[in-house]
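Trainee: can't give you the sequence, but here's the structure:
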């Protein structure tokens, strides 16, 4: 299969993979939301967002850095194995440290004690993400395997959801099944990895060369996680579980659409990194142009459509109890275009060019804006205030990346 067809296949598989991560809750949410009501879904949404910070700390930026690091040595099995061993070691050590901090928080923060068991179940994603080595498979462009494996587990979880979630008190089961659908397949990743790398001790390991790049990617992950999950966390502490449930319903469709729009950028990262290393300038520009055209063609009509028909989408997806999610959904939909563009500018262009620090600067700016606006708006506007904060934060990220990029491409080669 030639490279052009390979990219198309990888895009389709990665789009399907990302869509499945959100189509699963989209299928189950109309059922679950009517059983658990906004309070129950809000508790699970908060638990997921809360644990995301510990997962982020455990991953330490490796999900993105690992793709680039492994892609550059993918033709040398020994070098690839050595790199994978080093990154896996870092992941496991950081996961242990994350669990220590998590359990300290669960036993010392009063607000967390009530649903302690839920947080422990959801925290299994920390361990599963560490051993999953998704970055290795993406570096090798094994998107067909990743997608098929993931879909099998999601179908099993889908069946379990309808069989086991029966009453309002089953929100803990709902949280557990959600994590099973998203992360349990990582066990297969670990078992299957021997096909691509050797697990035998190689020696001469060196962690230090990875640390500088990882620290930047980790800071990027921190900034992204802050303004991705901070809305939900701040709503929990500044409003109610019901407001968290409204906001979760408002962002459900948006999250699915974003996963499709950003799929191309994720698929192209290993390929673009390879082109840059080989100084294949024409191929670099060609793929970048097509990716940006794809984002504009897809994101603009989707944003407009779901802003206009937000009421029908929310009521169909969640039920009449979620009318408070309509306005937040309308406010947050323009982020489809903004996130799509910054995913290309940042992940596909700046990161392969080795300018990830500028992506970090843009995300720090967005996170700061999001924190300030959330603090000001959530007490008065609840979920709508959180949506406004996210919209403006994404706008700031785009502006910073656009300014940086104006002079980056022409001086990169």
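Mentor: Structure's in. What do you need? Being a predicted model, the structure only gives us computed values, none of them experimental.

Trainee: following whichever helix or strand residue 176 is part of, which helix or strand shows up next?
Mentor: Assessed by DSSP states H and E, residue 176 sits inside helix 171-183. Next helix or strand after helix 171-183 toward the C-terminus (DSSP H and E): helix 186-192.

Trainee: Measure how far the helix holding residue 176 is from the centre of its chain, please.
Mentor: Taking C-alpha atoms, centre = their mean, to the nearest Å, one finds the center of helix 171-183 at 17 Å from the center of the full chain.

Trainee: what is the mean pLDDT for stretch 178-192?
Mentor: For stretch 178-192, mean pLDDT is 84.

Trainee: What is the end-to-end distance of it?
Mentor: Stretch 178-192 has an end-to-end distance of 23 Å (C-alpha to C-alpha, to the nearest Å).

Trainee: quick one: buried residues of stretch 112-119?
Mentor: Of the residues in stretch 112-119, those with enough neighbours to count as buried (16 or more other C-beta atoms under 10 Å) are 112, 115, 118, 119. In short, each C-beta sits where N, CA and C put it, glycine included.

Trainee: Contacts for that stretch next, please.
Mentor: With C-beta atoms under 8 Å, 6 or more residues apart in numbering as the test, stretch 112-119 has contacts from 43, 44, 47, 50, 51, 102, 105, 106, 107, 171, 172, 175.

Trainee: Now restrict the residues you listed to buried residues only.
Mentor: The neighbour-count criterion (16+ other C-beta under 10 Å) marks 43, 44, 47, 50, 51, 102, 105, 106, 171, 172, 175 among the contacts of stretch 112-119 as buried.

Trainee: And the third one, what's its pLDDT?
Mentor: Listed pLDDT for residue 47 reads 87.

Trainee: Kindly report the same for the first one.
Mentor: According to the model's per-residue confidence, residue 43 sits at a pLDDT of 86.

Trainee: I'd say it and residue 171 touch.
Mentor: Yes - between residue 43 and residue 171 a contact is recorded at 5.5 Å, counting by C-beta atoms under 8 Å.

Trainee: could you check the distance from residue 312 over to residue 323?
Mentor: Going from residue 312 to residue 323 by C-beta to C-beta, to the nearest Å gives 12 Å.

Trainee: and the residue nearest to residue 405 when sequence neighbours are not counted, how far is that from residue 366?
Mentor: The shortest distance from residue 405 to any non-neighbouring residue, by C-beta to C-beta, 6 or more residues apart in numbering, is to residue 345 (5.6 Å). Computed as C-beta to C-beta, the residue 345 to residue 366 distance reads 13 Å.

Trainee: As a check, name the ranges of all helices in the stretch 201-350 of the chain.
Mentor: Applying DSSP state H, counting those that start in this stretch to the stretch 201-350 of the chain gives helices spanning 208-238, 241-261, 263-277, 281-308, 310-318, 326-332, 335-342.

Trainee: Reformat those helices as TSV; add mean neighbour count and mean pLDDT.
Mentor: Below are the helices of the stretch 201-350 of the chain laid out as TSV (neighbours: other C-beta atoms under 10 Å; pLDDT from 0 to 100):
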stretch	mean neighbour count	mean pLDDT
helix 208-238	19	75
helix 241-261	24	76
helix 263-277	22	59
helix 281-308	16	79
helix 310-318	18	76
helix 326-332	24	86
helix 335-342	24	88
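
Trainee: For residue 356, find the nearest of the ones you listed.
Mentor: Closest approach to residue 356 among the helices of the stretch 201-350 of the chain is made by helix 208-238 (5.2 Å; C-beta to C-beta).

Trainee: What helices and strands are in contact with that closest one?
Mentor: helix 3-59, helix 62-71, helix 77-108, helix 241-261, helix 356-381, helix 383-405 (3 or more C-beta pairs under 8 Å, 6 or more residues apart in numbering; DSSP states H and E).

Trainee: any idea of the mean pLDDT in stretch 150-164?
Mentor: Mean pLDDT, stretch 150-164: 86.

Trainee: so what's residue 73 up against?
Mentor: 79, 80, 83.

Trainee: Name the nearest of the residues you listed relative to residue 140.
Mentor: Of all the contacts of residue 73, residue 80 has the smallest distance to residue 140: 8.3 Å, by C-beta to C-beta.

Trainee: Please name the residues that touch that closest one.
Mentor: By C-beta under 8 Å, 6+ apart, the residues touching residue 80 are 70, 73, 74, 196, 197.

Trainee: just residue 402 next, same as before
Mentor: Contacts for residue 402 (C-beta under 8 Å, 6+ apart) come out as residue 345.

Trainee: and the gap between it and residue 345?
Mentor: Relative to residue 345, residue 402 is positioned 7 Å away (C-beta to C-beta).

Trainee: repeat for residue 139
Mentor: 21 Å.

Trainee: right, and residue 349 touches residue 287 too?
Mentor: No - if you go by C-beta under 8 Å, residue 349 and residue 287 don't touch, sitting 10.0 Å apart.

Trainee: got the buried residues for stretch 64-72?
Mentor: Using 16+ other C-beta under 10 Å as the test for burial, stretch 64-72 gives 64, 65, 66, 67, 68, 69, 70, 71, 72.

Trainee: Contact partners for the third one?
Mentor: With contacts defined as C-beta under 8 Å, 6+ apart, the neighbours of residue 66 are 87, 133, 135, 136, 139.
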